[in-house]
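J.: okay, structure incoming, though there's no sequence with it:
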Ligand code: HEM
């Protein structure tokens, strides 16, 4: 089951209270429960919470990371992205 989020929905998820979402490509990931175990550190992930982190993601990771974590972290896709 996949949900569709607007960029504004994702932007509202930028802290521990609401949960922290990030966008990578067309996909939305809920990293709330992952932040403290992120091998790259929690700080860097918190900084992009609520935002499109596509550029930063691909700078530090490859496709295998998404393959491994998508099932656990992916909560849906972002709707307006195609128009940007
Ligand atoms: C779905 C979101 C993310 C997942 C599942 C994830 C997962 C991982 C994993 C597994 C590693 C270990 C290295 C590897 O296996 O390639 C890593 C390292 C790292 N990540 Fe992430 N990451 C995510 C998002 C981000 C974002 C958005 C940033 C930057 C804003 C970031 C920055 C880094 C950095 C700097 C490292 C260390 C790279 C190094 O040591 O060379 N990550 N991440």
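T.: Cool, got the structure. Please read all numbers here as calculations on a predicted model, not as lab measurements.

J.: and this protein, which residues reach the ligand?
T.: 22, 24, 29, 31, 38-40, 44-45, 48, 53, 56-57, 60-61, 65, 69, 73 (C-beta under 6 Å from any ligand atom). Every C-beta, even on glycine, is put in place using the N, C-alpha and C of the backbone.

J.: restricted to strands, list those.
T.: Those of the residues of the chain next to the ligand mapping onto strands are 22, 24, 29, per DSSP state E.

J.: centroid residue for the chain?
T.: Taking C-alpha atoms, centre = their mean, the centroid of the chain lies closest to residue 22, which sits 2.3 Å from it.

J.: still on that earlier bit, and of the ones in strands among the residues of the chain next to the ligand, the nearest to the ligand?
T.: Of all those, the ligand sits closest to residue 29, with 4.1 Å by C-beta to the nearest ligand atom.

J.: show me the residues of the chain next to the ligand that map onto helices.
T.: 44-45, 56-57, 60, 65, 69, 73 (DSSP state H).

J.: give the ChimeraX command for selecting the buried subset of these.
T.: Selection of the buried residues among these in ChimeraX, burial being defined by 16 or more other C-beta atoms under 10 Å:
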select :45,56,57,73
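
J.: which among the ones in helices among the residues of the chain next to the ligand gets closest to residue 18?
T.: Lowest distance from residue 18 to these (C-beta to C-beta) belongs to residue 45, with 15.1 Å.

J.: residues touching that closest one, list them.
T.: 20, 22, 31, 34-35, 38 (C-beta atoms under 8 Å, 6 or more residues apart in numbering).

J.: for these, which single residue is the most surrounded?
T.: residue 22 (24 neighbours; other C-beta atoms under 10 Å).

J.: residue of the protein nearest the ligand, please.
T.: For the chain, C-beta to the nearest ligand atom, closest residue to the ligand: residue 40, 2.4 Å.
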